[in-house]
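Asks: sequence-free structure coming up:
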């Protein structure tokens, strides 16, 4: 089986560029009709497909983005993409720039056989230097 990482990374860049360019047509083609945007906050906040598309082209503007280390996992017809994401963005004219952790779920259609994003989960990065080492210490395979 071929490595799916470059395919999903390319799709991520297309989706993010469509957001930066406010390209509704491209966003619609890359986003599943049952897409959910989940903000990992307290309380959590959700956007459905329609709300996301309106926000991304009318109110929540991304001027630039940068991915950190990328992780892709192939589930056969579905793929998970995870990375640190740094964005320069505004919401209703107010600065919403920052560093986030993003986990996206992509699904390959059964009829058209094209990839679409189904879900995005976003949360602020934990800048603690102790967290990664703590989790690594739990690994049984070391």
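Replies: Good, I have the coordinates. Predicted, not measured: the structure shown is a model, and the values here were computed from it. Numbering: from 1, shown residues only.

Asks: name the next helix or strand downstream of the longest helix along the chain, please.
Replies: Criterion DSSP state H: the longest helix present in the chain is helix 5-20. For helix 5-20, the following helix or strand on the C-terminal side (DSSP states H and E) is helix 24-30.

Asks: list the buried ones in that next one?
Replies: Within helix 24-30, the residues that count as buried by 16 or more other Cβ atoms under 10 Å are 27, 30. Heads up, the C-betas are built off the backbone N, CA and C, glycines and all.

Asks: which other helices and strands contact that helix?
Replies: Using 3 or more Cβ pairs under 8 Å, 6 or more residues apart in numbering; DSSP states H and E as the contact test, the elements touching helix 24-30 are helix 5-20, helix 49-58, strand 115-124.

Asks: adjacent strands (with direction) for the helix or strand following it?
Replies: Downstream of helix 24-30, the first helix or strand assigned by DSSP H and E is strand 31-39. Using DSSP bridges, the strands paired with strand 31-39 are strand 45-48 (antiparallel), strand 115-124 (parallel).

Asks: out of everything not next to it in sequence, what's closest to residue 18?
Replies: Ranked by Cβ to Cβ, 6 or more residues apart in numbering and with sequence neighbours excluded, the top spatial neighbour of residue 18 is residue 26, at 3.7 Å.

Asks: quick one, what contacts the one you found?
Replies: By Cβ atoms under 8 Å, 6 or more residues apart in numbering, residue 26 lies in contact with 14, 17, 18.

Asks: which of these tops the neighbour count?
Replies: residue 18 (21 neighbours; other Cβ atoms under 10 Å).

Asks: tell me how far it lies from residue 76.
Replies: 26 Å (Cβ to Cβ, to the nearest Å).

Asks: equivalent analysis for residue 84, please.
Replies: Distance of residue 84 to residue 76, given as Cβ to Cβ: 26 Å.

Asks: which one of the helices and strands packed on helix 24-30 lies closest to residue 69?
Replies: Residue 69 lies closest to helix 5-20 among the helices and strands packed on helix 24-30, at 11.7 Å (Cβ to Cβ).
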